[in-house]
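Sharing a sequence plus its predicted fold:
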Amino acid sequence: MSDWMESDTFKAQYNGAEDFAGRVPRPDEFPEDPSTSRSYWIRNHTIELDQIWRDRALPEETDVVIIGSGITGAVVAFQLSEQQPDIRVALLEARGICTGATGRNGGHICRPEVCHFDETVQAFGDEDAMRLKKFAIRNRDMMIECIEKLDATEKVSLRLNGTVVVFETENERDAFQKDIDYATSKGYKSEGYIIGPEEAATKLDLDASRTNFGAAILEKSGTIFPRKFVDVLLQTALRRMPSLTIHPYTAVESVSRPDSNNSLYKAHTTRGVIQSKAIFHATNAYAGHLNVDLQGADGVFGAKGHMLGINPNVTGCRKQLQQGFGYGDFWHYLQQRPGNGPFLYGFATAELLNDYDDRITLPADHEVRAKMLGFLERMFPEWFQNLDISRDVPYDWTGIQGFTMTGASIVGRPSKDSLGEFASVGHNGEGMGRCFASATVATEAMIAYLLGKSYQTPDWFPEAFRRNI
Ligand SMILES: Cc1cc2nc3c(=O)[nH]c(=O)nc-3n(C[C@H](O)[C@H](O)[C@H](O)COP(=O)(O)OP(=O)(O)OC[C@H]3O[C@@H](n4cnc5c(N)ncnc54)[C@H](O)[C@@H]3O)c2cc1C
């Protein structure tokens, strides 16, 4: 679970729940041309569906309207194509396909389980804390199974070389050990474990002086090219489901519910109206714009995160960081792209609550960049020396995460008074570790609704995430 309320970064910005009851903007208020994006992922993978589908007419009526084309919207389309290939589905996206958080994140699929288990038990009780603890691992397994079934490991650049989180302090290591011990006493079998300074240094091919307190490691973990995964899911769904249509640059302005004159929902878009039996909100940080039940203290609010892509600048460096890498409780998270490519590096200290403009990166002289470059020079001197922002940093971008007050995602129906509306939103900076399983469960609930059947969430699904299903 996210512990954003505990962090100094957010505490300083947080003035109370009423802060988050304000207007939530729509993504197309911040237009950006994908071909000039400063996100590594967006610039290095063109989604051809954008051009193919851009000007196609909207259908007048479908069974399902999916709003949003990040990993959540793509998983919903994919699962519908697997389970109900004959239904009619329209997927709508305000900007280019996959240009929200999924096109701007760190690409880490999982990490050693540090989720402050005692606090989670206090907040959600023993049983649900256990479900929450196991959830990221289950999500990882579902995602990997899907990628392998589609024979897409290479295509989506899935690298399962492990995720190593180097401890910054002795206290951090002791807290991690305490967390594992406490979870074990409750019956949890942790896959993540601690390794000593030497072993950590050997694994990462670093000098041992940089891993003084050892590290936590999760072996079956690593990184992915998230935007390519979305592309593969959507192309698969299009092949399997003849009535799927995809509409980039089509923002939904409002959703109206069925009334006494009309039994269908209406999605009012910038390009016309579509009627449907069900609506799926895959809108994450922007969910509150379309649905009041997803606003305010029980809803989702935006938190802007920042990332840099930095080219190694030491001549002749042949080293390659193979693993997903974290430092200081994953506060620093980074990976190196293959072939001695750039390090993609996020440092959560720079995050901003309630800021949705993902075109604007940090001011040029923001101190956090100097800190990041300094960290790279200290931790990875074989790759980086005397870094220069204008010469060595070709990528510098922001993305909007969807946070919730409790840290739990919102999966199910936004309101029990609107039975045909579903959502999977508010994934708190952990989307690659939550979205696949969450979207799958919400899609199954929606299919049951369309078929007039009852639905029960699987035993493993956290109660804390479940809303009105
Ligand atoms: C800087 C950063 C680093 C991160 N790093 C990681 C990481 O390493 N690992 C990890 O697990 N998670 C990470 N995350 C979090 C993760 O990226 C998200 O949780 C996840 O991508 C959410 O996916 P989604 O599909 O739900 O939302 P999004 O990818 O944001 O998709 C939502 C889509 O809905 C569209 N939309 C919204 N409103 C409308 C509307 N009215 N009409 C039409 N379309 C609309 C948006 O344009 C957007 O494309 C990071 C996030 C950021 C910002």
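It's in. Numbering: from 1, shown residues only.

What is the burial count for the closest residue to Asp293 other than its chain neighbours?
Distance criterion C-beta to C-beta, 6 or more residues apart in numbering; nearest residue to Asp293, sequence neighbours excluded, is Pro414 at 4.0 Å. (Glycine included, C-beta is placed from N, CA and C.) Around Pro414 there are 25 other residues, counting by other C-beta atoms under 10 Å.

List the residues that contact Pro414.
Taking C-beta atoms under 8 Å, 6 or more residues apart in numbering, we find Pro414 in contact with His281, Ala287, Asn291, Asp293, Leu294, Glu421, Ala423, Arg467, Asn468.

Which positions in the stretch 351-469 of the chain make contact with the ligand?
Gly399, Ile400, Gln401, His427, Gly429, Glu430, Gly431, Met432, Gly433, Cys435 (C-beta under 6 Å from any ligand atom).

just curious, which of those is nearest to Gly107?
Comparing those against Gly107 with C-beta to C-beta picks out Met432 as the nearest, at 7.2 Å.

Test my guess that the closest one contacts Pro226.
Yes - Met432 is within contact range of Pro226, at 6.4 Å (criterion: C-beta atoms under 8 Å).

Now for those two: what residues contact both?
By C-beta under 8 Å, 6+ apart, Met432 and Pro226 have these common neighbours: Ile71, Asn105, Gly107.

filter the residues you listed by proximity to the ligand?
Among those, the residues that sit close to the ligand (C-beta under 6 Å from any ligand atom) are Ile71, Asn105, Gly107.

From Asp207, how far out is the residue nearest to Phe213 when sequence neighbours are not counted?
Here the nearest residue to Phe213 in space, its sequence neighbours aside, is Phe167; by C-beta to C-beta, 6+ apart that works out to 3.9 Å. Taking C-beta to C-beta, to the nearest Å as the criterion, Phe167 is separated from Asp207 by 16 Å.

What of Arg413?
Distance from Arg413 to Asp207, counting by C-beta to C-beta: 53 Å.

These two: which has the busier surroundings?
Neighbours were counted for Arg413 and for Asp207 using other C-beta under 10 Å; Arg413 has more, 23 against 11.

thought that one was touching Glu421?
Yes - distance between Arg413 and Glu421: 6.0 Å, which falls inside the contact criterion (C-beta under 8 Å).

Flag the shaky bits of this structure, pLDDT-wise.
Applying pLDDT under 70 to the chain flags residues 1-12, 14-22, 114-115.

longest helix of it?
Once the chain is assigned using DSSP state H, the helix that runs over the most residues is helix 117-149.

helices or strands next to the following helix or strand past it in the packing?
Tracing the chain C-terminally past helix 117-149 and defining elements by DSSP states H and E, one meets strand 163-166 next. Judged by 3 or more C-beta pairs under 8 Å, 6 or more residues apart in numbering; DSSP states H and E, the packing partners of strand 163-166 are helix 197-204, strand 215-218, strand 324-327.

Could you give me the buried positions within strand 163-166?
Using 16 or more other C-beta atoms under 10 Å as the test for burial, strand 163-166 gives Thr163, Val164, Val165, Val166.

Show the contacting residues for the last one.
For Val166, the contact set (C-beta under 8 Å, 6+ apart) comprises Ala200, Leu204, Arg210, Thr211, Phe213, Gly214, Ala215, Phe325, Gly326, Tyr327, Gly328.

Spit out the contact partners of the residue lying closest to Thr283 once chain neighbours are set aside.
In space, and not counting its chain neighbours, Thr283 is closest to Gly68: 4.5 Å by C-beta to C-beta, 6+ apart. With contacts taken as C-beta under 8 Å, 6+ apart, Gly68 has the following neighbours: Leu92, Glu93, Gly100, His281, Ala282, Thr283, Asn284, Tyr286.

Next up, the contacts around the fourth one.
When you say that, I think you mean His281. Under the criterion of C-beta under 8 Å, 6+ apart, the neighbours of His281 are Ile67, Gly68, Ala287, Leu290, Asn291, Leu294, Pro414, Glu421, Phe422, Ala423, Ser424, Val425.

For Val64, see how far away the closest residue to Arg467 other than its chain neighbours is.
Beyond its immediate neighbours in the sequence, the residue positioned closest to Arg467 (C-beta to C-beta, 6+ apart) is Gly412, lying 3.8 Å away. Distance check for Gly412 against Val64: by C-beta to C-beta, it reads 16 Å.

These two: which has the busier surroundings?
Here Gly412 and Val64 are set side by side on neighbour count (other C-beta under 10 Å), and the busier one is Val64, at 26 against 23.

Which strand or helix spans the more buried one?
Using DSSP H and E, Val64 maps to strand 61-67.

ok, residues contacting that strand?
Contacts of strand 61-67 from elsewhere in the structure, counted by C-beta under 8 Å, 6+ apart, are 73, 76-77, 80, 87-92, 243, 245, 252, 255, 264-265, 267, 274-283, 290, 446, 450.

Filter those down to just the buried residues.
The neighbour-count test (16+ other C-beta under 10 Å) marks 73, 76-77, 80, 87-92, 245, 252, 255, 264-265, 267, 274-283, 290, 446 as buried among those.

ok so, going back, where does the residue nearest to Asp293 sit: helix, strand or coil?
Following DSSP: H, G, I helix; E, B strand; the rest coil, we place Pro414 in the coil state.

Could I get the phi/psi values of it?
Comment: the main-chain dihedrals of Pro414 come out as phi -60, psi -40, following degrees, to the nearest 10.

Quick check: it vs Ile360, distance?
Using C-beta to C-beta, one obtains 29 Å as the distance from Pro414 to Ile360.

Run the chain-centre distance for stretch 276-287.
Taking the mean C-alpha point of stretch 276-287 and that of its whole chain, the gap between them comes to 16 Å (C-alpha atoms, centre = their mean, to the nearest Å).

What distance separates the opening and closing residues of that stretch?
19 Å (C-alpha to C-alpha, to the nearest Å).

ok, back up a step: which pair of the contacts of Gly68 spans the longest distance?
Pairwise distances among these were taken by C-beta to C-beta; the largest, 14.4 Å, belongs to Leu92 and Asn284.

Report the contact partners of Arg240.
Ser81, Glu82, Pro85.

hmm, which of those residues are the buried ones?
Ser81, Glu82.

for the contacts of Arg240, which one is nearest Leu352?
For Leu352, the closest of those turns out to be Ser81, at 36.9 Å, with distances computed as C-beta to C-beta.

Burial check on the residue of the stretch 301-450 of the chain found nearest the ligand, number of neighbours?
Across the stretch 301-450 of the chain, no residue is closer to the ligand than Gly431, which sits at 2.0 Å (C-beta to the nearest ligand atom). Here the neighbour count serves as a burial measure; for Gly431 (other C-beta under 10 Å) it reads 26.

Just the buried residues of stretch 229-236, please?
Across stretch 229-236, burial judged by 16+ other C-beta under 10 Å covers Phe229, Val230, Asp231, Val232, Leu233, Leu234, Gln235, Thr236.

And for stretch 236-254?
236-238, 241, 244-252.
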